[in-house]
Every structure is written in structure tokens, then in C-alpha cells.
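> Sequence and computational prediction follow.
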Amino acid sequence: MTRKLLIRDVTLRDGQQSLFATRMKQAQIERVLPIYKEAGFYALEVWGGAVPDSIMRYLNEDPWERLEKIKAEIGNISHLTALSRGRNLFGYNPYPESVIEGFNRNAVQSGISIMRIFDALNDTSNIRSTIKYVKENGGLADCVACYTVDPKFTKTERLKARLKGKPLPKAIFTIDYFVNMAKALEAMGADMITLKDMAGLIPPLKAGKIIKAFKENVKIPIDFHTHCTPGFGLASALTAIMNGVDILDTAIMNFAGGPAAPSFELVQICCNKLDIETGINLDAVVRINKILKEIRLEMADIDSYKVYPIEFDITRDQLPAHIDKYFDDAIEYAKADDEPNLMDVCGKIEKYFNFPDPDEKVKFAEVPGGMYTNMLAQLKQLKQEELLPRVLEVIPTVRLAAGCPPLVTPTSQIVGAQAVNCVLDEKQGNPFYTNNSIQFVNLVKGSYGKTPIPIDPDFREKIAGTREEIPFNTAKYEKQANPSFPKYGDNVKLAMNEKEELLLELFPNVADKFLRDKVERIYGAKIKESQLKKQRAYEAEREKYLKLSPAEKEARLVEGLYNW
């Protein structure tokens, strides 16, 4: 019996977020939706992540309208999926249950059928309530184990720590760590588990081993999500397939590669050779890809790479014999667990298709690409770029002190920014942690949840002023103000319905401006239209008056019908 691999297409959310800072306009998305309806992907990731914030901030578009329009076109052909951070949703601080419930209820009602839920600390308790609300409203809970790597310490650092009586941990994020998390999520009601490698740091053999362990230990479907930033993406996707993954995340070629997900077309070629069925209409994929190239050229000013894949029609183009053999070789190397040769041949495949070269700096530093660029930008702003190598050395120390949080958004940015602060402290002759960001203080305090390993109480007291962990207290949460606009009427408010109120709660500053502009646009236009109608009526009456005889004019004025 032919094996089936389900494909989640992430082009319209993760693909454009990774390559074009989430700047696709609604009109551009609508150009490909009718063809996506023909393509027949298992799922389309179209919402969540940076989409709601970015389209309000940069495009002046309504996130809820975007989702509802996509749902209206796609219907039930493919699941629509979104990404959220569990209790944190889209921000740093946890939200009260009312906001979590309202968001997930409205998301499902507006078209999301699979909510992918992750937590930046891999703290499953931060995911629990979202599972509940998604499922209560008829959605599927896709629960995430965020892949991350252990801190890298030199032998000298380990020896010094041992001599001080505080040996450094050797292995935290083991296969057992991820398996135990998957089991916990399944027990909490997850409908599927995703091994989500948001930084693209998982090497092929590790990916295969974790997927195989998931398949042996949980009964629900397993999804694999990765990126190509440091060059592991295609090879790791292949080993995931060969170890039984049920669902794989890919992007269509012109929105794939580099910091984005592996290309669907390359995965499909591998599946053809492995006699694995994806069920995708390849003719539709070719047509989508052509339009995506047009859209990509339209967004050239914000394209982070401007490296375009070759023109390739998977339905009819024949690969050169040596490239076709590379795919065969890749499969054989994956079967043999020959990671070096697998990586080499997958690199040659991606080179032929003209995907961006691996980011060797990210690969060596073992930090997410976004974290690396954020730190570099922070140092450039201060004209201290030469400190970057030292910052990279300090990251493991800062991360370990903070409980070894996974290097995913937003904890990767918190740790990275604090490492920069520490190196700046050092340069000025001050001890580490002289200057601490409020996010780092809150992380150490316990506001964001439980870290993978406990934080030293002495360190917590030094940074946050408390030896005990203090969880975020949602009882102190203050709802965002929703002012009225009396000049437009008694019932006109900044947020006119629950969905707009949720935008205010989740994105206070961005939504405030977006909704104010919307109020002015809608109600300001109504007032102008009303004034215009009055002006037109006045002018019509005046025209009638001017056509009257002098006696009739006099009579009208006496009757008080006109006041000219």
C-alpha cells in the first residue's frame, strides 16, 4: 500500500514572513487563492505569527478580514492554520483566560481549523488553556515541541565550573526531553504534535531520531517544521519523511529556501522516488509558483535575499541526469545515516535550484538567524560591531543563568539582547548584569513560565529581587482603554466589536492607530457624505427658487420657506 504524506503549505504565512517581513497585501494573496483551492494541500498556514501585527502596522489591513476572506475562498478544501504562543498569544506577557478564550473562539469561528500552539519556554502549562478553547470551538490543537540546542561551552569553561563546585549540564535537550514533552501534550488533549525547528538548527540525524521516537511513543499524527537558514532544511525534511512523519511543512519554490521552509517541489521529487503519495495537484502548484514569482518581484524592495530559484515546472521539466542522481544519493545516504554526505548532496541540489547558500555564521553560532541579526543590529546602533564574537561567547552563560530557555521567539531575543548588555557592561569595567532589560528580569523572575532547568535562587534574587519564582499574576491585568468618539455619535467607539477589542488587547499601540484610522475613514466619510447631501439639497432648492417669478419669490420669503 502506498504511503501518504500530508503537506502543510506555509507559503502565505511563514514563507512571506521569513523572506519579506510579512508584507503580502490582501490583493496579492487573493491572486493565488483560487489556484490553492485546486491544489488540495492538507493544510494552509495563513494566519497568526507576525501577520496580524504586520498587516495593520504596514498595510493598514484588518487581520480578521484577511482570515475571513481566505476562508470564504478556500472553504473546506484545506485546513486553515494559524500560529500562536499559547498563554502569551502574540506578546511577551501572559494574558488572562478571557482574552485567550475570546481570541481562540473568534479565530476558529473566522476560519482557523488547526491552531498551532507553542510556548517559548516549552512550558506545557502555558499551552493547556489554548488546547481547551480551540477544541471547545471545534478546532484542532496542534501542539508544539520547540526544538533547540544545548548551550555550547568550551572544555576550559567546563573545567572551571567543576572546580567551583557548579558543574555545567552536559545534555538538557535530549531525545527523551522532546519525547516526554510530546507525551505530556498528548495527555493534555493535543490532536497532533509538531516538532518545530523555527531556527533551522536541527541536523538530519537528530530530526530523524526525534521523529522516530515520537512515532513510537505517541499515537497522534506528527508534523515536522524546519527552515533552511544554516543549510539543514532539505536533508532534515528527508530524514523526517523516512522516519515516518505524518505531516511535513513546506513552501512553494519561489517562497522557499534560505530563512524559509524547504521547497515543496524538492520534497515532492523525493516522495516520487520513495513511492510516497502527497495527493497534491502539481499543475496547480506550477501555476501558483509563477504568480508567486510575480509577487516576489513586486516586493523586491523588502526581499531580504533577491536570490530567485530557477524556472522549474515539476509536471514536465526533466532534471539533468547528475541532479536526478543527487536525489537518489540523498535517499541512500539518509537510509545509511550518513549525515556528512547527505548534507553535501542536498547542498548540491539546492545550489542547482539556486536557493540561497547556507548561513555559515548562524550554523557555527547555533543561534537563530533572527537572533543573530538582532544582536548585530543592536551593536551597530551603538557602533560596537567588533564585540559580536564576544557576545556569541557569552550567550551560553547568559542562557544557562536564565534557566536555559529555548532559542525561539521571544526568548532568543531576550537572551541575545541581554548578552549584548553583559558584554557592554564588561567593556565599561562593570560586572555582568549591571544593566538588565525588563524582559530579562521578568524571564528570571518567572513571569513567562517555568524554564527547562531551575534558576539559581541567588541569581534570581540578584536580578529580580526575589529568591522565589513569581508567576505572572493575571488578576492585575488591566484591559486596554476603548474610548468613544462623540463627534460621530453616541455609540461610536474605537473598537466596535469583540474582534476589534481583541486587536486592542493583543497589539495595543498598533491596533490603536489602525482602529483610529478606521473610525475616521468610516465615520468621517459618513459625515462628509451627510454634509454633501445637505449641500446638494440646498443647491437644488436654490435652483428652484431662482426660477420663480418675483411675486412667487416674495411669497416664499413671506412664508419663511427660504432664508436667503
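Sure, I can see it. Residues are numbered from 1 along each chain as shown.
> Please make it C-alpha for all contacts and neighbour counts, starting now.
Noted.
> Can you pull the poorly scored residue ranges out of this protein?
524-532, 534-536, 538, 553, 556-564 (pLDDT under 70).
> where exactly do the strands run in it?
Using DSSP state E, the strands of the chain run over residues 3-4, 6-9, 43-48, 79-84, 114-117, 140-146, 192-196, 222-225, 247-250, 276-277.
> other SSEs contacting the longest one?
I take that to be strand 140-146. Under the contact criterion of 3 or more C-alpha pairs under 8 Å, 6 or more residues apart in numbering; DSSP states H and E, strand 140-146 touches strand 114-117, helix 128-136, helix 175-187, strand 192-196.
> Next, format these as CSV and append distance to residue 504.
As requested, the helices and strands packed on strand 140-146 are exported to CSV (distance: least, C-alpha to C-alpha, whole Å):
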stretch, distance to residue 504
strand 114-117, 21
helix 128-136, 19
helix 175-187, 30
strand 192-196, 29
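> Of the ones you listed, give the one that comes closest to residue 399.
helix 175-187 (17.8 Å; C-alpha to C-alpha).
> what's the angle between the closest one and helix 128-136?
Comparing the axes of helix 175-187 and helix 128-136 via axes from the mean of the first three to the mean of the last three C-alpha atoms, to 10 degrees yields an angle of 50 degrees.
> coming back round to it: of the strands of the chain, which is nearest residue 460?
strand 140-146 (24.7 Å).
> Can you name the residues in contact with that closest one?
Contact with strand 140-146 is made by 113-120, 122, 127, 131, 134-135, 178, 181-182, 185, 189-198, 406, 408, as judged by C-alpha atoms under 8 Å, 6 or more residues apart in numbering.
> circling back to that earlier point, out of the strands of the chain, which comes closest to residue 417?
strand 140-146 (20.5 Å).
> Sheet-wise, list the partners of the closest one with their directions.
Strand 140-146 pairs in its sheet with strand 114-117 (parallel), strand 192-196 (parallel), by DSSP bridges.
> ranking those by burial, who's on top?
Compared across those, strand 114-117 shows the largest average neighbour count, a mean of 26 (mean count of other C-alpha atoms under 10 Å).
> before we move on, back to that, of all the strands paired with strand 140-146, which lies closest to residue 468?
Using C-alpha to C-alpha, the nearest of the strands paired with strand 140-146 to residue 468 is strand 114-117, at 28.0 Å.
> picking up where we left off before, of the strands of the chain, which is nearest residue 455?
Using C-alpha to C-alpha, the nearest of the strands of the chain to residue 455 is strand 140-146, at 20.0 Å.
> how about the CA coordinates for the closest one, as CSV?
The C-alpha trace of strand 140-146 is given here as CSV (Å, rounded to 0.1, in the frame of the first residue of the first chain):
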residue,chain,number,x,y,z
LEU,A,140,-7.8,21.0,16.2
ALA,A,141,-5.0,21.6,18.7
ASP,A,142,-1.6,21.3,17.0
CYS,A,143,0.8,21.4,20.0
VAL,A,144,4.5,22.2,19.5
ALA,A,145,7.7,21.0,21.0
CYS,A,146,10.2,23.7,20.1
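> That one to strand 79-84, inter-axis angle?
Using the same axes, to 10 degrees: strand 140-146 against strand 79-84 is 40 degrees.
> hmm, back to that, looking at the helices and strands packed on strand 140-146, which is buried most?
strand 114-117 (a mean of 26).
> can you list the residues that contact it?
79-86, 127, 130-131, 134, 139-144.
> returning to that earlier point: in CSV, list the strands paired with strand 140-146 along with distance to residue 104.
Putting the strands paired with strand 140-146 into CSV (distance: least, C-alpha to C-alpha, whole Å) gives the following:
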stretch, distance to residue 104
strand 114-117, 8
strand 192-196, 17
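> Figure out which of these is closest to residue 202.
strand 192-196 (9.6 Å).
> Any idea how far that closest one is from the middle of the chain?
14 Å (C-alpha atoms, centre = their mean, to the nearest Å).
> residues making contact with it?
141-147, 182, 185-186, 211, 220-226.
> cutoff 7 Å now
141-147, 182, 220-226 (C-alpha atoms under 7 Å, 6 or more residues apart in numbering).
> Stretch 480-494 too?
Taking C-alpha under 7 Å, 6+ apart as the rule, stretch 480-494 contacts 495, 504, 505, 515, 516, 519, 523.
> make it 6 Å
If you take C-alpha atoms under 6 Å, 6 or more residues apart in numbering as the criterion, stretch 480-494 is touched by residue 505.
> Please report how far the closest residue in space to residue 479 that isn't next to it in sequence lies from residue 17.
In this structure, residue 479 finds its nearest non-sequential neighbour in residue 505, 6.9 Å apart by C-alpha to C-alpha, 6 or more residues apart in numbering. Distance of residue 505 to residue 17, given as C-alpha to C-alpha, to the nearest Å: 23 Å.
> now swap in residue 79 and tell me
20 Å.
> and what of residue 294?
In terms of C-alpha to C-alpha, residue 294 sits 17 Å off from residue 17.
> now do residue 176
Counting by C-alpha to C-alpha, the gap from residue 176 to residue 17 is 32 Å.
> ok so, going back, in TSV, list the strands of the chain along with distance to residue 162.
As requested, those are exported to TSV (distance: least, C-alpha to C-alpha, whole Å):
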stretch	distance to residue 162
strand 3-4	50
strand 6-9	46
strand 43-48	44
strand 79-84	40
strand 114-117	38
strand 140-146	30
strand 192-196	33
strand 222-225	37
strand 247-250	42
strand 276-277	50
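> Residue 240: which of those strands is closest?
The nearest among the strands of the chain, by C-alpha to C-alpha, is strand 222-225 at 7.1 Å.
> Between residue 294 and residue 17, point out the one with more neighbours.
residue 17 (21 against 12; other C-alpha atoms under 10 Å).
> and the residue lying closest to the more buried one once chain neighbours are set aside, how many neighbours?
Closest residue to residue 17 apart from its sequence neighbours, by C-alpha to C-alpha, 6+ apart: residue 50 at 7.0 Å. Residues near residue 50, counting by other C-alpha under 10 Å, number 17.
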